[in-house]
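Asks: This is a predicted model, with the sequence first.
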Amino acid sequence: TLFRSWHVLEHVPKPEELIVKLKLLLKKDGLIFVAVPNHQSYDAKYFKSYWAAYDVPRHFWHFDQNNMELLLFNYGFKLLQKMPMKLDAYYVSLLSAKYKNNGRQNLFVAIKAFIKGFQSNQKAKKSMNYSSLIYIAKHA
């Protein structure tokens with residue numbers, strides 16, 4: 001069995017309940033793929049309160065590598081791999097720059113945002129703190 005949750009967990013009021021339900025539905029050794037924004041990314045730190053992935057009030061939760069791994073572990077999953085969603089840094093940086101500029105976007109703002117997305121991905125090569133991460137875990 002395989003389940004994927006692409007940018008869903010941060011929208012759920014009680015993410016642990018969703019994780020428990022997924023585990024109950026999974027067969028032994030079944031896999032889940034969970035993608036969530038990472039509030040420890042460079043673009044999050046750069047844009048601060050304007051970071052689009054905070055997306056208040058639609059995002060109830062903001063994950064980082066530690067609390068995401070702990071959530072999976074605490075509910076009986078074994079983390080197999082983490083993968084970056086590198087394109088998210090560009091998209092989130094474009095939206096964040098627009099928010100930071102009162103909803104206005106022009107070529108200069110877009111280019112600067114693209115550069116921030118690129119920088120975020122470059123800085124994340126060492127720390128794995130990409131703008132969004134995919135966690136691949138199996139039913140333990």
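Replies: Right, received. Where do you want to start?
Asks: and the spatially closest residue to Asp29 that is not a sequence neighbour, helix, strand or coil?
Replies: Leaving aside its chain neighbours, Asp29 sits nearest to Lys138 (5.6 Å; criterion: CB to CB, 6 or more residues apart in numbering). From N, CA and C alone the C-beta is placed, and that goes for glycine too. Under DSSP: H, G, I helix; E, B strand; the rest coil, the three-state class of Lys138 is strand.
Asks: what do you get for Val36?
Replies: Under three-state DSSP, Val36 comes out as strand.
Asks: sorry, back to before: what sits against the residue nearest to Asp29?
Replies: Asp29, Gly30, Leu31, Ile32, Phe77, Lys78, Leu80 (CB atoms under 8 Å, 6 or more residues apart in numbering).
Asks: helix or strand for the last one, which one?
Replies: Under the criterion of DSSP states H and E, Leu80 resides in strand 77-84.
Asks: nearest residue to Trp61 other than its sequence neighbours?
Replies: Leaving aside its chain neighbours, Trp61 sits nearest to Glu10 (4.9 Å; criterion: CB to CB, 6+ apart).
Asks: number of nearby residues for that neighbour?
Replies: Look at Glu10: counted by other CB atoms under 10 Å, it has 20 neighbours.
Asks: Confirm for me that it is in contact with His59.
Replies: Yes - with contact defined as CB atoms under 8 Å, Glu10 reaches His59; the gap is 4.5 Å.
Asks: Ile134: what secondary structure?
Replies: With three-state DSSP as the criterion, Ile134 reads strand.
Asks: hey, what's it bridged with?
Replies: Ala35, Met83 (DSSP bridges).
Asks: That one is in contact with Val34, isn't it?
Replies: Yes - using CB under 8 Å, Ile134 is in contact with Val34, at 7.1 Å.
Asks: Look at the two and report which has more neighbours.
Replies: Between Ile134 and Val34, Val34 has the larger neighbour count (other CB under 10 Å), namely 25 against 17.
Asks: Please report the distance of that one from Ser93.
Replies: 22 Å (CB to CB, to the nearest Å).
Asks: where along this protein do the helices fall?
Replies: Ranges of helices within the chain are 15-25, 42-47, 65-74, 86-100, 107-127, based on DSSP state H.
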